[in-house]
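Colleague: Structure, please.
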Amino acid sequence: MNSLRPGAPLPRSPRWPARIASRLPSVSQTVKTLAFAALVAAGAWTAYRYAQRAETETIIERAARRLDVDESTLRGELTRYDYLPALLSLNPDIADLLRHPTDAALSARVNRYLADVTTDSQAAAIYVLDLRGTTLAASNWDQPISFVGQNFSYRPYFIDALHNGTGHFYGLGSTSRLPGYFYAARIGAGGRELGVVATKISLDSMEALWTRGDETVLVADANGVVFLSSFPGWKYRTLHPLSAAARARIDAKRQYGGPGALADIGLVPRRRLAANAEIDTVSPPNPLLANTPNPHAMDFVVVSRTVAGTDWRIMSLTDIAPARKNARYAALVTALGLSLATIGTLYVLQRRKVIAQRLAMRETLERMNDELERKVTRRTGALARANKSLRNEIAQHKRTEATLKATLEELVQAGKMALIGQMSAGITHELNQPLAALRTLSDNALLFLQRGRQDEAENNLRVIAGLIERMGKITAQLRRFSRKGPAELEPVAVERTLVNALFLVEPRLRKEDVEVVRDAGDGSSAHSDLVVLADANRLEQVLVNLFTNALDAMLGCPRRQLSIAVRADAADDAYVEIVVADTGAGIPETVRERLFEPFFTTKPPGAGLGLGLAICAGIMRELGGTLKANAAAAASGASFTLRLRRAPGDGVGELAKTDTNRAQRGAAEGE
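Modeller: Residues are numbered from 1 along each chain as shown. Purely as a prediction, here's the structure:
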């Protein structure tokens, strides 16, 4: 398809401005889209507000019903012990004890009586105080924490009971440090005030009941101190900061204590919902938020009322997040419904226009398709021709590669034959000497047998067998060295390959009186256990070529020494280096740069073609290694370094397999 781009020719059709303009949204379409978007947003917002209001009202109603139950239960718990003062006043022993506080027997009877009443009524403790607030008898007289002898004259319930007849108070026990509700009543006889009887009630059962609910329920006193709570972290904390005077009054009564006592819980009013309901915010850090997955400010619907007969307020806190979540769901459903309706309306309105546009575009597409098919046909033909040419080039490259490989193999084999030709004189000498000895020894053995000298004949035959074995080793080594075949990478023992290569040039070494030193003179020593990845036959060919070149270079030199060093590469332990050096005339810098070029030689005409080192370098590349001429002073002789990859592991197991395979190949070839 054609596209508008810089420099591209405009379509030939004169209707192209109108066609482009028809594809742009019109002003009326934009206005319609904005109107529909505003409709969806307004509907979603209305649904959210309505759903949130309904959810909040449901929370308030449910909390109010629960507070009715909780307040009724709490008032019942507080009033269930109102009968105790009248019951206790009927016991004459209590009045007698208040008149005669030092009577031990009377005190013991009253203690036992109070303990029985406490057990029957399930109160926390019942005790009798004189007019000075000193406890004369108590139900817990025989327990480690006893009220007997304790003075509670500072407690509000005692003061109110003396002055008003009854007293009520909630706080921590000053002796036991356990919280409870204290109810006290004045006792008298004959119009005379004798003392006060007090009852302590535990409200732990109420807190346990609230803890099992979903909402947070708490009860606060007139100072705003929370003393009952389904959430323990808010207990004895305040709904709002206390004044210094209020704190002083609470401390004087010893009403509350413990970690965080009288600290503000951080409940901040935000919005009034009804006369007894509002939304408050709790912000971190706050114990209520400590165990939430993502502690952050939370909003609660707070519903409260006064507990009848007290100055306490009971409150219910409900997390408003679920209500807001439901409101968001309602808004989402509303938005989705309005969007679907909008999409349906737009679909109906646009359908005719789309059909008309499709009909108009079909003609254009058909025309462009015809043009595209013509271009594809032309380019397909060009691609087919290019593909055919590429296949021909690939085939030619493969043929050239095969020819180069075959040529390299022939050059390698020719190099072997050339080396064998150079060594032929020495090898012939090595074979002629045993042959002459064989002739003499065999004639002597025949004479010894004719003369009956059996032992001497046997000795001659054993010598003959040894000579034959030596000649067999020479011919076997030559046959193995001259074997033709592709390179196969396998673990090869460096020491064994060096021994084989030195064996082939040994006649010339002896003839020319060349000293072989297995140390390069730089402190490195030979490593007889190093194993490399190579082809043993080709590596041997490279070494023989280097040894032969070294011998040629040392002809006529007063000192003839061939040095060989084997070492692990100092820079990379995964490689092994073999250094071959001589004491010849050395290699000039200008010559060393061209040393591995084919047909380049420093020997006299007729002494070589200049292919030996080039072939050796090619063999080393084929083996994954390198061959380089080392830089050195010309007077110090020539030095070459072969670098090959080290066999993985210790190479011992693979080396044994390689020896077995090599022996099988040798047997198959008649070695």
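
Colleague: This structure - how does it break down into domains?
Modeller: Domains of the chain are assigned by automatic domain parsing as 84-202, 205-321, 384-486, 487-668.

Colleague: Any chance of those in CSV with mean neighbour count and mean pLDDT as columns?
Modeller: All C-beta atoms are positioned from the backbone trio N, CA, C, and that covers glycine. Converted to CSV, those look like this (neighbours: other C-beta atoms under 10 Å; pLDDT from 0 to 100):
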stretch, mean neighbour count, mean pLDDT
domain 84-202, 18, 88
domain 205-321, 16, 76
domain 384-486, 13, 67
domain 487-668, 17, 80
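
Colleague: Switch those domains over to JSON lines; also include distance to residue 56.
Modeller: JSON lines is the format used below for the domains of the chain (distance: least, C-beta to C-beta, whole Å):
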{"stretch": "domain 84-202", "distance to residue 56": "32"}
{"stretch": "domain 205-321", "distance to residue 56": "6"}
{"stretch": "domain 384-486", "distance to residue 56": "75"}
{"stretch": "domain 487-668", "distance to residue 56": "76"}
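
Colleague: Quick check: which of these is nearest to residue 61?
Modeller: domain 205-321 (9.2 Å; C-beta to C-beta).

Colleague: start to end distance for that closest one?
Modeller: 29 Å (C-alpha to C-alpha, to the nearest Å).

Colleague: if we can go back for a sec, right, so of the domains of the chain, which gets closest to residue 370?
Modeller: Per C-beta to C-beta, nearest to residue 370 of those: domain 384-486, 21.5 Å.

Colleague: give the contact list for the residue lying farthest from the centre of the chain.
Modeller: Here the centre of the chain is the reference, and by C-alpha atoms, centre = their mean the most remote residue is residue 451, at 94.0 Å. By C-beta atoms under 8 Å, 6 or more residues apart in numbering, the contact set of residue 451 is empty.

Colleague: now the helices for the stretch 501-650 of the chain?
Modeller: Remark: helices assigned in the stretch 501-650 of the chain by DSSP state H, counting those that start in this stretch are 506-511, 536-553, 589-592, 612-622.

Colleague: wait, is residue 186 part of a helix?
Modeller: No - Residue 186 is assigned strand when assessed by DSSP: H, G, I helix; E, B strand; the rest coil, not a helix.

Colleague: Could I get the contacting residues of it?
Modeller: By C-beta under 8 Å, 6+ apart, the contact list for residue 186 reads 161, 162, 165, 166, 193, 195, 196.

Colleague: if I look at the spatially closest residue to residue 253 that is not a sequence neighbour, how far off is residue 252?
Modeller: Once flanking residues are discounted, residue 253 sits nearest to residue 156: 5.9 Å by C-beta to C-beta, 6 or more residues apart in numbering. As defined by C-beta to C-beta, to the nearest Å, residue 156 lies at a distance of 10 Å from residue 252.

Colleague: cool, residue 541 as well?
Modeller: From residue 541 to residue 252 the distance is 112 Å (C-beta to C-beta).

Colleague: what's the answer for residue 219, then?
Modeller: 22 Å.

Colleague: One more: residue 190?
Modeller: Separation of residue 190 from residue 252 (C-beta to C-beta): 34 Å.

Colleague: any idea which helix is longest in this structure?
Modeller: Across the chain, the longest stretch assigned as helix under DSSP state H is helix 321-450.

Colleague: Give me the angle between it and helix 536-553.
Modeller: 60 degrees (axes from the mean of the first three to the mean of the last three C-alpha atoms, to 10 degrees).

Colleague: quick one, helix 321-450 and helix 612-622 angle?
Modeller: Using the same axes, to 10 degrees, helix 321-450 lies at 140 degrees relative to helix 612-622.

Colleague: I'd like to know which elements helix 321-450 is packed against.
Modeller: Judged by 3 or more C-beta pairs under 8 Å, 6 or more residues apart in numbering; DSSP states H and E, helix 321-450 is in contact with helix 16-23, helix 27-79, strand 298-306, helix 454-481, helix 506-511, helix 536-553, helix 612-622.

Colleague: check which helix or strand covers residue 317.
Modeller: strand 313-319 (DSSP states H and E).

Colleague: so what secondary structure elements neighbour that strand?
Modeller: helix 27-79, strand 216-220, strand 298-306.

Colleague: looking at those, which is buried most?
Modeller: Most buried of the helices and strands packed on strand 313-319, by mean neighbour count (mean count of other C-beta atoms under 10 Å): strand 216-220, with a mean of 23.

Colleague: got the angle between it and strand 313-319?
Modeller: Strand 216-220 and strand 313-319 are oriented at 160 degrees to each other (the same axes, to 10 degrees).

Colleague: re earlier: can you redo the helices and strands packed on strand 313-319 as CSV with distance to residue 148?
Modeller: Putting the helices and strands packed on strand 313-319 into CSV (distance: least, C-beta to C-beta, whole Å) gives the following:
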stretch, distance to residue 148
helix 27-79, 26
strand 216-220, 31
strand 298-306, 37
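
Colleague: Shouldn't residue 255 be within a helix?
Modeller: No - counting by three-state DSSP, residue 255 is not part of a helix but coil.

Colleague: Please name the bridge partners of the closest residue to it other than its chain neighbours.
Modeller: Of all residues not flanking residue 255 in the chain, residue 171 sits nearest, at 3.7 Å (C-beta to C-beta, 6+ apart). Beta-bridge partners recorded for residue 171 (DSSP bridges): residue 180.

Colleague: how near is residue 171 to residue 209?
Modeller: 21 Å.
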